[in-house]
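Asks: Quick one: sequence and predicted model below, then my questions.
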There are 2 protein chains.
Amino acid sequence: MTRTSWETVLHPFVRKLRFGARLTAEDEEALSSLTKVVRRVHAKGDIVLEGDAPRSIALVLDGWAYSYRELENGRRQIISVLLPGDLTEPFGALPTFMAHSLGALTPVTFAQVSPDAIRAAARSSPSIEEALWWDLLAFMTIEREHVVSLGRRSAVERLGHFFCELQLRLSLIGLAEDGAFDFPVTQTNLGDILGLSSVHVNRSIQYLRARGLVSLRAGRLIIHDVEELRAASYFDPAFLKTSEAPVGDRHGAGF
Amino acid sequence: MTRTSWETVLHPFVRKLRFGARLTAEDEEALSSLTKVVRRVHAKGDIVLEGDAPRSIALVLDGWAYSYRELENGRRQIISVLLPGDLTEPFGALPTFMAHSLGALTPVTFAQVSPDAIRAAARSSPSIEEALWWDLLAFMTIEREHVVSLGRRSAVERLGHFFCELQLRLSLIGLAEDGAFDFPVTQTNLGDILGLSSVHVNRSIQYLRARGLVSLRAGRLIIHDVEELRAASYFDPAFLKTSEAPVGDRHGAGF
DNA sequence: CGGACTCTTGATTGCAGTCAACTAAAGTGG
DNA sequence: CCACTTTAGTTGACTGCAATCAAGAGTCCG
């Protein structure tokens, strides 16, 4: 409580990266200092639009954001949900041209960071570098799991799987109390995430409710039995476990 | 023709990276020298299996590979198709645990590369670093477009879009003559890529044939009019144009 | 030249979309 | 503080895209 507000608000990023590598106090300080320019958007606002040439990438500090693409005839697909601590692009890359837009589900606070600064931080400390690569890999694993869900899972499975994924991700940054957490996502949003119509999302949620697996009302989701929902949704938590808990040394020796 | 066979075979990687940054002869030499350990798998063989702890990542040199996940009840989803010049993982990250498997559609030749070696190459030259980040961003953009297809496009659109994507990617490495290229993908494979049954893939292909948009037989795909298929499939080639052609300086100034 | 895929085609089923109406909240403004 | 509007959630009826089941034709290959 003696830290400045930015450091407090930065917390989710550092907190998450601790799962990727053992970080020293200096490492965490270096990561914190990446947060210099902080901005806010209101719920339903946009952070960046498709086609933009951003001068920095965003790091979500507070609130839920998402990346999405809008197609012809009004169709819309949400590509990924971005939680506090999430970088919106791979840490070292500055897109010269956005292929998707970034929006806000809730009011969002985010930092604008330059990839150069992050790369510099990575160069300054092997632990930071390792943690950043771990984070990128985990993020890509989530996006790939999304492909699997959209391609081969039923509506109910997609929903259950998504709930499990969020539960896991939120617990990494301390935003889930067991299976319960704030869930500021409308059923229309859920449809755009899961490739379903909102009507069908509604019916699928009711199915999960009827089976006693979840409660969802007033922006709060409760998974009554996490293990049970995971089993029912074929959710494998290992898919994220690049490392189990805050870890230090490991390293392939090359060949 | 005075180069060694590895350098010749490495070509697709360098060739592609030229689109990401202006590379000097030394840069290309450094990239070529990443290819030390070369392996082969036969068609339908596996390169890595889910759950493995690889000691290196793979760089496809020749042939078509793919990453996939197998689900309970025999369902299967191909996450991405990997062409010559494609790295199977983000260049700096060594997964401690594979969340998906890597298979071969055709006989595949690939190099085993350590992320440490690639990172070292990136550190040695800003152009290499830039090119590698560009490549990673492009790869992620393709994977994200896959999410959009699976979530919101019809069967025919998915097919057409996928054909256009391949045409573009193959042309970058000189493997497409205009709209025509070898296409070693069975309809069952296509189903696993596009989240469809093979029967429905068959019918969708017939639709495209009937409209005179494509020919597909004996492992060869011909897109009769690339622009027309792009329009019909809502394919935007710009989605890959992080840069248009072999490019040199550009750089955001941070903030 | 048989066996094993791969591709086709037909018949049927079913999951999820669309359309539409109604309820319930949540704002908004006078 | 309450009509008024807007947004979110729910339910029902109907439609349709794509899955499944099944069988036959075409190819490739040892």
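Replies: Arrived safely. Since the structure is predicted, the reported quantities are computational estimates derived from the model, not experimental observations.
Asks: From here on, just use CA atoms for contacts and neighbour counts.
Replies: Fine.
Asks: Would you mind listing what in the stretch 101-250 of chain A touches DNA strand D?
Replies: Within the stretch 101-250 of chain A, the positions adjacent to DNA strand D are A:V185, A:T186, A:Q187, A:T188, A:S198, A:V199, A:N202, A:R203, A:I205, A:Q206, A:G219 by CA under 7 Å from any atom of the strand.
Asks: Tabulate the residues you listed (JSON lines), appending pLDDT, secondary structure and neighbour count.
Replies: Shown next, in JSON lines, are those (pLDDT from 0 to 100; DSSP: H, G, I helix; E, B strand; the rest coil; neighbours: other CA atoms under 10 Å in any protein chain shown):
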{"residue": "A:V185", "pLDDT": "96", "secondary structure": "coil", "neighbour count": "15"}
{"residue": "A:T186", "pLDDT": "96", "secondary structure": "coil", "neighbour count": "13"}
{"residue": "A:Q187", "pLDDT": "96", "secondary structure": "helix", "neighbour count": "17"}
{"residue": "A:T188", "pLDDT": "96", "secondary structure": "helix", "neighbour count": "16"}
{"residue": "A:S198", "pLDDT": "96", "secondary structure": "helix", "neighbour count": "17"}
{"residue": "A:V199", "pLDDT": "97", "secondary structure": "helix", "neighbour count": "11"}
{"residue": "A:N202", "pLDDT": "97", "secondary structure": "helix", "neighbour count": "14"}
{"residue": "A:R203", "pLDDT": "97", "secondary structure": "helix", "neighbour count": "13"}
{"residue": "A:I205", "pLDDT": "97", "secondary structure": "helix", "neighbour count": "20"}
{"residue": "A:Q206", "pLDDT": "96", "secondary structure": "helix", "neighbour count": "16"}
{"residue": "A:G219", "pLDDT": "90", "secondary structure": "coil", "neighbour count": "11"}
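Asks: can you list those residues in TSV and add distance to chain B?
Replies: Putting those into TSV (distance: CA to the nearest CA, whole Å) gives the following:
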residue	distance to chain B
A:V185	18
A:T186	17
A:Q187	15
A:T188	14
A:S198	13
A:V199	15
A:N202	17
A:R203	18
A:I205	19
A:Q206	22
A:G219	24
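Asks: Name the nearest of these relative to A:S33.
Replies: Of all those, A:S33 sits closest to A:V185, with 31.1 Å by CA to CA.
Asks: Is the closest one in contact with A:G219, as I believe?
Replies: Yes: judged on CA atoms under 8 Å, A:V185 makes contact with A:G219 at a distance of 7.2 Å.
Asks: which residues are in contact with both of these two?
Replies: Common neighbours of A:V185 and A:G219 are not found (criterion: CA atoms under 8 Å, 6 or more residues apart in numbering or on different chains).
Asks: Just the element for A:L216, please.
Replies: In this assignment (DSSP states H and E), A:L216 forms part of strand A:214-217.
Asks: In space, what's closest to A:V214 - neighbours in sequence excluded?
Replies: In space, and not counting its chain neighbours, A:V214 is closest to A:I223: 4.5 Å by CA to CA, 6 or more residues apart in numbering or on different chains.
Asks: burial count for that neighbour?
Replies: 24 (other CA atoms under 10 Å in any protein chain shown).
Asks: just A:L194 next, same as before
Replies: Neighbours of A:L194 (other CA under 10 Å): 28.
Asks: what sits against it?
Replies: Shown in contact with A:L194 (CA under 8 Å, 6+ apart): A:I78, A:S149, A:L150, A:A155, A:R158, A:L159, B:G151.
Asks: what do you get if the cut-off is 10 Å, keeping everything else the same?
Replies: Residues near A:L194 by CA atoms under 10 Å, 6 or more residues apart in numbering or on different chains: A:77-79, A:146-147, A:149-150, A:153-155, A:158-159, A:162, A:188, A:201, B:147, B:150-152.
Asks: Could you do A:L17 as well?
Replies: Contacts of A:L17 were listed using CA under 10 Å, 6+ apart, and they are A:11, A:23, A:28, A:31, A:85, A:127-128, A:130-135, A:172-173, A:246-247.
Asks: do A:Y234 as well
Replies: Residues in contact with A:Y234 (CA under 10 Å, 6+ apart) are A:R153, A:E157, A:R158, A:G160, A:H161, A:C164, A:E228, B:L71, B:E72.
Asks: Pick out whichever of these sits closest to DNA strand D.
Replies: A:R153 (10.2 Å; CA to the nearest atom of the strand).
Asks: Give me the pLDDT value at the closest one.
Replies: A:R153 carries a pLDDT score of 97 in this model.
Asks: So it sits against A:A232, correct?
Replies: No: shown here, A:R153 and A:A232 do not form a contact pair, counting by CA atoms under 10 Å, at 12.0 Å.
Asks: Just give me the neighbour total for A:V37.
Replies: Quick note: A:V37 (other CA under 10 Å) scores 12 neighbours.
Asks: so what's the backbone phi/psi at it?
Replies: Phi and psi for A:V37, reported as degrees, to the nearest 10, are phi -100, psi 120.
Asks: Kindly report the same for the one 3 residues further on.
Replies: The phi and psi torsions at A:R40 (degrees, to the nearest 10) take the values phi -130, psi 150.
Asks: distance of it from DNA strand D?
Replies: Distance of A:R40 to DNA strand D, given as CA to the nearest atom of the strand, to the nearest Å: 19 Å.
Asks: So what sits opposite that residue in the bridge?
Replies: A:T109 (DSSP bridges).
Asks: Need the pLDDT of it.
Replies: For A:R40, the pLDDT comes out at 93.
Asks: Could you report the distance from it to B:T35?
Replies: 46 Å (CA to CA, to the nearest Å).
Asks: Please, where are all the helices along chain A?
Replies: A:5-17, A:25-32, A:115-124, A:126-152, A:155-172, A:187-194, A:198-210, A:226-232 (DSSP state H).
Asks: Pipe those into TSV and attach distance to A:A99 per row.
Replies: As requested, the helices of chain A are exported to TSV (distance: least, CA to CA, whole Å):
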stretch	distance to A:A99
helix A:5-17	24
helix A:25-32	27
helix A:115-124	18
helix A:126-152	16
helix A:155-172	24
helix A:187-194	17
helix A:198-210	25
helix A:226-232	33
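Asks: in chain A, what spans have low per-residue confidence?
Replies: Residue ranges of chain A with pLDDT under 70: A:1-10, A:239-255.
Asks: Straight-line length of stretch A:14-23, end to end?
Replies: Start-to-end span of stretch A:14-23 (CA to CA) is 9 Å.
Asks: Check the offset of it from the chain's centre.
Replies: Centroid separation for stretch A:14-23 versus its chain: 15 Å, with CA atoms, centre = their mean, to the nearest Å.
Asks: So for that stretch, what gets flagged as buried?
Replies: A:V14, A:R15, A:K16, A:L17, A:R18, A:F19, A:G20, A:A21, A:R22, A:L23 (16 or more other CA atoms under 10 Å in any protein chain shown).
Asks: same question, stretch A:172-192
Replies: Buried residues in stretch A:172-192, counted by 16+ other CA under 10 Å: A:172-173, A:175-176, A:178-183, A:187-192.
Asks: thinking again about what came up before, what residues does the residue nearest to A:V214 make contact with?
Replies: The contact partners of A:I223, by CA under 10 Å, 6+ apart, come to A:160, A:163-164, A:167, A:178-181, A:208-209, A:212-216, A:229-230.
Asks: Could you write me a ChimeraX select line covering just the buried ones among these?
Replies: Per 16+ other CA under 10 Å, the buried members of the contacts of A:I223 correspond to this ChimeraX selection:
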select /A:160,163,164,167,178,179,180,181,208,213,214,215,216,229,230
